[in-house]
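A.B. asks: Mind folding the following:
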Amino acid sequence: MEIITMIIVGFIVGLIARALKPGNDRMGIILTTLVGIAGAFLAGFAGQAMGLYTAGEPAGWIASVIGAIVLLFIVSMVRGRSHTRVR
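C.D. replies: The predicted structure is shown next:
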């Protein structure tokens with residue numbers, strides 16, 4: 001049951017991050033979910049390691065969205081470079 005919850009939370013975080021990040025991100029539902037899961041995992045790990053919040057606090061959601069936005073910028077930079085080389 002935890003895996004399904006993680007996928008749903010990652011999808012929601014990914015959608016929020018894509019809505020907040022300016023620009024056109026051409027990615028499907030699977031990549032959106034993966035970016036959301038990775039952003040939530042990285043931001044949750046970093047925030048808890050620094051002692052900013054504990055598991056289950058609302059700050060974790062905010063940090064997850066920020067982590068996903070950072071990953072979206074990284075993904076768009078990597079994908080942008082690969083698209084310009086092909087042309």
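
A.B. asks: Give the burial count for residue 45, as a bare number.
C.D. replies: Look at residue 45: counted by other Cβ atoms under 10 Å, it has 12 neighbours. All C-beta spots, glycine's among them, are computed from the backbone N, C-alpha and C.

A.B. asks: Heading C-terminal from the helix or strand where it lies, find the next helix or strand.
C.D. replies: Assigned by DSSP states H and E, residue 45 belongs to helix 29-49. Where DSSP H and E defines the elements, the next helix or strand beyond helix 29-49 is helix 58-86.

A.B. asks: Now do that following helix and helix 29-49, the angle between them.
C.D. replies: 130 degrees (axes from the mean of the first three to the mean of the last three Cα atoms, to 10 degrees).

A.B. asks: So which residue is smack in the middle of this protein?
C.D. replies: Centroid-nearest residue in the chain, with Cα atoms, centre = their mean: residue 68, separated by 2.2 Å.

A.B. asks: Tell me which residues touch that residue, please.
C.D. replies: 13, 14, 16, 17, 35, 36, 38, 39, 40, 43 (Cβ atoms under 8 Å, 6 or more residues apart in numbering).

A.B. asks: re the thing from before, quick one: contacts of the helix holding residue 45?
C.D. replies: By Cβ under 8 Å, 6+ apart, helix 29-49 touches 6-7, 9-15, 17-18, 27, 53-55, 59-60, 63-72, 75.

A.B. asks: Would you mark the buried spots in stretch 55-72?
C.D. replies: 60, 61, 63, 64, 65, 66, 67, 68, 69, 70, 71, 72 (16 or more other Cβ atoms under 10 Å).
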